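Trainee: Structure here, sequence nowhere to be found:
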């Protein structure tokens, strides 16, 4: 039964991730339509995310996320040809 619970948890987490991606994509498009440069939108999104993570989970969690994201950037995971969504 533990395996089934983990599978369900993974499915719920992925659905939440996809919903978040969709919401952020819509906000990104709205920002571009308003004439806001991509760099400004990106900085605002990252700033908000880090502030909220700090508030919810503390500095160690925020720093761990930043490091994981850095590793993913260095690995080329976000290159346009690698897009997952």
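Mentor: Thanks, I have the structure now. From a predicted model like this one, the values you see are computed outputs, not experimental measurements.

Trainee: What are the structural domain limits within the protein?
Mentor: 1-35, 37-85 (automatic domain parsing).

Trainee: could you dump these to TSV with mean pLDDT and mean neighbour count?
Mentor: (Each C-beta comes from the backbone N, C-alpha and C, glycine too.) Supplementary listing: those in TSV, determined by pLDDT from 0 to 100; neighbours: other CB atoms under 10 Å:
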stretch	mean pLDDT	mean neighbour count
domain 1-35	92	10
domain 37-85	92	11
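
Trainee: now for the helix ranked longest in the chain, which elements pack on it?
Mentor: When the chain is parsed with DSSP state H, its longest helix is helix 2-33. With contacts taken as 3 or more CB pairs under 8 Å, 6 or more residues apart in numbering; DSSP states H and E, helix 2-33 sits against helix 38-57.

Trainee: Tell me which other helices or strands the helix it packs on touches.
Mentor: Checking 3+ CB pairs under 8 Å, 6+ apart, helix 38-57 ends up next to helix 2-33, helix 59-74.

Trainee: Contacts for that helix, please.
Mentor: If you take CB atoms under 8 Å, 6 or more residues apart in numbering as the criterion, helix 38-57 is touched by 24, 27-28, 31-32, 61-62, 65-66.

Trainee: quick one, that helix and helix 2-33 angle?
Mentor: If you take axes from the mean of the first three to the mean of the last three CA atoms, to 10 degrees, helix 38-57 sits at 140 degrees to helix 2-33.

Trainee: Can you check what angle separates helix 38-57 from helix 59-74?
Mentor: Going by the same axes, to 10 degrees, helix 38-57 makes 140 degrees with helix 59-74.

Trainee: how far is stretch 61-70 from where the chain is centred?
Mentor: The chain centroid and the centroid of stretch 61-70 are separated by 11 Å, computed with CA atoms, centre = their mean, to the nearest Å.

Trainee: One more: stretch 43-63?
Mentor: 11 Å.

Trainee: ok, now stretch 74-83?
Mentor: The answer for stretch 74-83 is 14 Å, by CA atoms, centre = their mean.

Trainee: now do stretch 12-29
Mentor: On CA atoms, centre = their mean, the centre of stretch 12-29 falls 8 Å from that of its chain.
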